[in-house]
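Colleague: Here's my sequence, what's the structure:
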Amino acid sequence: MRPGRLLAGLDAVAPRLVRDAHGAEVPELDVAAVLDRRPDVAVVDAYAHVNAPGSRNERRWQDIEELLAAGTDVLTTLTVQHVASLRDAVAAVTDQPGQETIPDSVVRRADHLELVDIAPELLRQRVADGKVFPPDRIDAALANEFRLGNLIALREIALIWLADRVDEGLASYRKSQGITATWPARERVVVGLNGGPEGELLLRRASRILSRVNGGDLLAVNVRRAEGRSAAPAQVLEAQRQLVTDLGGTFHTVSGEDAADSLLEFARSVNATQIVIGASPGRLWNGILGIGVGAKVVRGSGDIDVHIVSHPQRRRSLPTPAPAALSRARTTTGFVLAVLIPVLVTAGLSFYPDLNLATHALVHLTGVMAVAFIGGLWPAVLAAVLDALLLNYFETDPVGTFIIKDPQNVFALFVFLSAAVAVSLVVGLSARRAREAIRARAEATTLADLARDALLTDDTVAAFMAKVRETFQVRSAGLFTTTGDRGAAWELQAFSGDAPPPSPDAAALTDSVELADSKTALVLTGRSLTAGDRLLLAAHGAHLLLLRQRNSLQRTLQSTAKLAEGNNVRTAILRAVGHDLRTPLAGIKLAVTALRRQSRRLPEEVQAEMLETIDSYTERLDALISNLLDMSRISSGSAAPLTAPVTWRDAIEDALRGLPVDRIRIELAANMPAVDADLGMLERVIANIVENALKYAPDSDVVIVGVSGGSHAADDAGIPFGELRIVDHGQGVPAAAVEGIFQPFQRLDDAPVGLGMGLGLAVAKGFTEAMGGQLVAEPTPGGGLTMVVRLPLSTGPAVSTLRRKAGTGTA
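Modeller: Next up is the predicted model:
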């Protein structure tokens, strides 16, 4: 809807004309006229506007303060770059410091703030359609302040600033109501998973918790026991991992002897605010003694909220795995029972004097088996010896002495002691083999998980080291290598976390495992590892060795592919020499032959036409050969640039020589920073792109726009780029074909041979990347193609006198 229709029926106040310092009349808000009307509501644009000298107030917001003081409510507009506290942040994005700003305290006094938001893509489309700027300013606006990245960043700044104002309102409310309890503004919820079927319920409950707050993080963690893990089917954990991803969270695996302690340690390491776990299986003694996972988590959670979720699977949860190894507390309990059980059994049987020796022996043997199951071999042996002594003292004649009168009783006690010791040995051997089986299963499961992750994600060594550090909850993880020679020192290849020790044998609280090649070591620092942890560490080390081998093979494959690509380019060049060069050579030969044989009989105008033909074919031949040679140098990796500080304007001037300047419009800001580039190569890049645009957009002008400043564009390493955009409004290129236009010998839509061999953009991209830059293609809003040349910003002064042919290596 047009603004005129929106204003229909509203009382409008004509602006007051004020003469500025140059004598020109400038329209400004007539505050007096508005006050005379005494409206209930006034709509005033441009809250941060600076009034012309001689106005009633210096700033527009001061005019509005007068209206507010008179009892008039005011609706006004303000863009994010005009907020004083955001001026630097906006300037860092747009590289255009705002001149009109308004103090934050003034804005905060507003009774109501409303964000008028529009999608950046839709706003750019409005600009392209001419609804914001006149036609001659559209391309420059889209390439500068209305770039997609700028708009997204400004939108985020505005949203964050407004969210801060909401937080201030919340704080004011809590203060007025006397509320002192903590209200976390951002939540981080950790879900403890054991691989049971209740995991999906826990994850969805945690997701609902986060949906009620303003943002937050969902982290699911599975505690893998050092020497064993719960009997969870692998497909269940995989399904839960996928569900975490679908809910927008992350899945983590940590190693630890105690599930509760490991869960709490992970929660503290990620600064969690809440923990969600399932209710432990319904065992009475767990609740009474407080030894269940839930009870231990609640006890040690501190200021972290804990949600224990009841679930239908509570009474049919996963079976508890066999103990990986007997703890010291369990062994101690076994020795205590080895003393108590024989005494208690003897005391109990004393109430039944009619029982014979065999019955007493069987009851005592049952006690020995119980001690063996609880405390292991040696407590059971102690119980067996003590039982034999008690049977001898209280049940064999003469009673009350350790003397055995009947030889049969001697034999019976000997058989009892032998059977008790044998049972203890069998139980101990069974437990040891069970532990070994559990360890093997844990190692196999770990290797399977690592192999799956390797297939699903392209892990680097550094990313894998970070995963190792998280799994074992240590301060640092380092990868060391050595040549294997005697006396050779260890060298650090990669690490995650704090700086590791200088070698695998240095520093305290260090654990290391040498890999299969004995020349590589994986080192963890921060806590001592148990025997089970070291087994898992060895499994991770084996996978790390395979990962390094895979990376080495990938590098070899890339090198081989590059050589094959170079061979393909050379083959294509040979084919081009025999095909695309034939036409200009035949034309030159025909014209030269005619001039030599019939020069005296040909009119001067015909001779001039033939000479012009020779000149045209020669220029075309020169361009073809230059592109062929450049493509050959690029494919062989011999295009070595000599970079120096260069301005875009210097490169453009020489690049456009010989091109139809009437179809080219240059829009460069006066303060364009210099870039590090090879001037000759940069000229070729610009010339090839502009020539390509003129060929494929014959009905469109080509606009060369420089993006002022480079702080908004940077590569992955954070190096700032300067940008040059070459815009056409032709037919454009389909999104699926964008990558193909940079391939050698590619012409759009099978263009005729007269448009060249399809090397121009391939050479331009090769030269740009050789100079450490980027060349990308973007669709032009409204139709067409925009080629974006990005080069690193220079820290030195531009040397505009430097002239050098591309790649010759001489100044």
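
Colleague: Wait, residue 498 touches residue 525, no?
Modeller: Yes: Residue 498 is within contact range of residue 525, at 7.3 Å (criterion: C-beta atoms under 8 Å). The way it works is simple: take the backbone N, C-alpha and C, and place the C-beta from them, glycine included.

Colleague: Which strand or helix spans residue 403?
Modeller: Here residue 403 sits in a region with no helix or strand, counting by DSSP states H and E.

Colleague: just to revisit the earlier point, what is in contact with residue 498 and residue 525 at once?
Modeller: Shared contacts of residue 498 and residue 525 (C-beta atoms under 8 Å, 6 or more residues apart in numbering): 475-476.

Colleague: out of the two, which sits in the busier spot?
Modeller: residue 525 (23 against 13; other C-beta atoms under 10 Å).

Colleague: what's the average pLDDT for stretch 768-787?
Modeller: For stretch 768-787, mean pLDDT is 87.

Colleague: Numbering from 15 from now on, please.
Modeller: New numbering, starting at 15: the last item is stretch 782-801.

Colleague: Buried residues, that stretch. List them.
Modeller: 782, 784-789, 791, 794-796, 798-801 (16 or more other C-beta atoms under 10 Å).

Colleague: Can I get it in CSV? Just the C-alpha atoms.
Modeller: Coordinates of each C-alpha in stretch 782-801 appear next as CSV, following Å, rounded to 0.1, in the frame of the first residue of the first chain:
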residue,chain,number,x,y,z
THR,A,782,42.5,-15.3,-7.4
GLU,A,783,43.1,-18.4,-5.4
ALA,A,784,46.8,-18.2,-6.1
MET,A,785,46.8,-14.8,-4.6
GLY,A,786,45.1,-16.1,-1.4
GLY,A,787,41.7,-14.9,-2.3
GLN,A,788,38.3,-16.2,-3.4
LEU,A,789,36.1,-15.9,-6.5
VAL,A,790,32.5,-16.8,-6.0
ALA,A,791,29.3,-16.3,-8.0
GLU,A,792,26.0,-15.0,-6.6
PRO,A,793,22.7,-14.3,-8.2
THR,A,794,22.0,-10.6,-8.8
PRO,A,795,18.7,-9.5,-7.1
GLY,A,796,16.3,-8.9,-9.9
GLY,A,797,18.1,-11.2,-12.3
GLY,A,798,21.7,-11.7,-13.5
LEU,A,799,25.0,-12.8,-12.1
THR,A,800,27.3,-11.1,-9.6
MET,A,801,31.0,-12.2,-9.5
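
Colleague: Burial check on residue 219, number of neighbours?
Modeller: Residue 219: 17 neighbours (other C-beta under 10 Å).

Colleague: returning to what we had before: what's the most distant pair in the buried residues of stretch 782-801?
Modeller: Across the buried residues of stretch 782-801, no pair lies farther apart than 784 and 796, at 32.9 Å, counting by C-beta to C-beta.

Colleague: hmm, which helix or strand of the chain has the shakiest average pLDDT?
Modeller: Every helix and strand in the chain was compared by mean pLDDT, DSSP states H and E; the lowest is helix 298-303, with a mean of 44.

Colleague: Tell me which stretches of the stretch 165-314 of the chain form helices.
Modeller: Taking DSSP state H, counting those that start in this stretch as the test, the helices found in the stretch 165-314 of the chain are 213-225, 248-260, 273-283, 298-303, 307-314.

Colleague: Which of the ones you listed has the lowest mean pLDDT?
Modeller: Mean pLDDT is lowest for helix 298-303 among these, at a mean of 44.

Colleague: hang on, the earlier thing: of all the helices of the stretch 165-314 of the chain, which one is nearest residue 721?
Modeller: helix 248-260 (37.0 Å).

Colleague: Output that closest one as PDB - backbone C-alpha positions only.
Modeller: The C-alpha trace of helix 248-260 is given here as PDB (Å, rounded to 0.1, in the frame of the first residue of the first chain):
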ATOM      1  CA  ALA A 248      23.500 -50.700  20.200                       C
ATOM      2  CA  GLN A 249      20.400 -49.800  18.100                       C
ATOM      3  CA  VAL A 250      18.700 -48.200  21.100                       C
ATOM      4  CA  LEU A 251      21.600 -45.900  21.800                       C
ATOM      5  CA  GLU A 252      21.900 -45.000  18.100                       C
ATOM      6  CA  ALA A 253      18.200 -44.200  17.900                       C
ATOM      7  CA  GLN A 254      18.600 -42.000  21.000                       C
ATOM      8  CA  ARG A 255      21.600 -40.300  19.400                       C
ATOM      9  CA  GLN A 256      19.500 -39.500  16.300                       C
ATOM     10  CA  LEU A 257      16.700 -38.200  18.400                       C
ATOM     11  CA  VAL A 258      19.100 -35.800  20.200                       C
ATOM     12  CA  THR A 259      20.200 -34.500  16.900                       C
ATOM     13  CA  ASP A 260      16.600 -34.100  15.700                       C
END
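
Colleague: between that helix and helix 213-225, how big is the angle?
Modeller: Interaxial angle, helix 248-260 versus helix 213-225 (axes from the mean of the first three to the mean of the last three C-alpha atoms, to 10 degrees): 10 degrees.

Colleague: hmm, back to that, which of the buried residues of stretch 782-801 fall in helices?
Modeller: 782, 784 (DSSP state H).

Colleague: Hmm, residue 537 is touching residue 518, no?
Modeller: Yes: counting by C-beta under 8 Å, residue 518 is a contact partner of residue 537 at 4.8 Å.

Colleague: Show me which of those two is the more surrounded one.
Modeller: Each of residue 537 and residue 518 has its neighbours counted (other C-beta under 10 Å); residue 537 has more, 26 against 19.

Colleague: Count the neighbours of residue 715 for me.
Modeller: Counted with other C-beta under 10 Å, residue 715 comes out at 15.

Colleague: Tell me how many other residues surround residue 357.
Modeller: Applying other C-beta under 10 Å, I find that residue 357 has 13 neighbouring residues.

Colleague: ranges for the strands of the stretch 415-564 of the chain?
Modeller: 490-495, 505-511, 524-528, 534-539 (DSSP state E, counting those that start in this stretch).

Colleague: per-stretch mean pLDDT over those, give me the minimum one.
Modeller: With a mean of 58, strand 524-528 has the lowest mean pLDDT of the strands of the stretch 415-564 of the chain.

Colleague: okay, the most centrally placed residue in the chain: pLDDT?
Modeller: Taking C-alpha atoms, centre = their mean, the centroid of the chain lies closest to residue 477, which sits 11.1 Å from it. With respect to pLDDT, residue 477 scores 77.

Colleague: Then residue 568?
Modeller: 80.

Colleague: May I have the secondary structure class of it?
Modeller: In three-state terms, and counting by DSSP: H, G, I helix; E, B strand; the rest coil, residue 568 is helix.

Colleague: okay, now residue 358: neighbour count?
Modeller: Residue 358: 12 neighbours (other C-beta under 10 Å).

Colleague: Wasn't it part of a helix?
Modeller: Yes: counting by three-state DSSP, one finds residue 358 located in a helix.

Colleague: what sits against it?
Modeller: Residues near residue 358 by C-beta under 8 Å, 6+ apart: none.

Colleague: I'd like the distance between it and residue 225.
Modeller: Computed as C-beta to C-beta, to the nearest Å, the residue 358 to residue 225 distance reads 57 Å.

Colleague: what are the bridge partners for residue 87, then?
Modeller: Applying DSSP bridges to residue 87 gives these bridge partners: residue 55.

Colleague: OK, contacts around it?
Modeller: Here residue 87 is in contact with 54-56 (C-beta under 8 Å, 6+ apart).

Colleague: For residue 64, which non-adjacent residue is spatially closest?
Modeller: residue 114 (5.3 Å; C-beta to C-beta, 6 or more residues apart in numbering).

Colleague: you'd agree that neighbour is up against residue 93?
Modeller: No: between residue 114 and residue 93 there is no contact under C-beta under 8 Å: 9.3 Å.

Colleague: what do these two both touch?
Modeller: When C-beta under 8 Å, 6+ apart defines a contact, the residues bordering residue 114 and residue 93 alike are residue 62.

Colleague: and the strands of the stretch 415-564 of the chain as CSV, adding distance to residue 119?
Modeller: Shown next, in CSV, are those (distance: least, C-beta to C-beta, whole Å):
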stretch, distance to residue 119
strand 490-495, 47
strand 505-511, 44
strand 524-528, 55
strand 534-539, 50
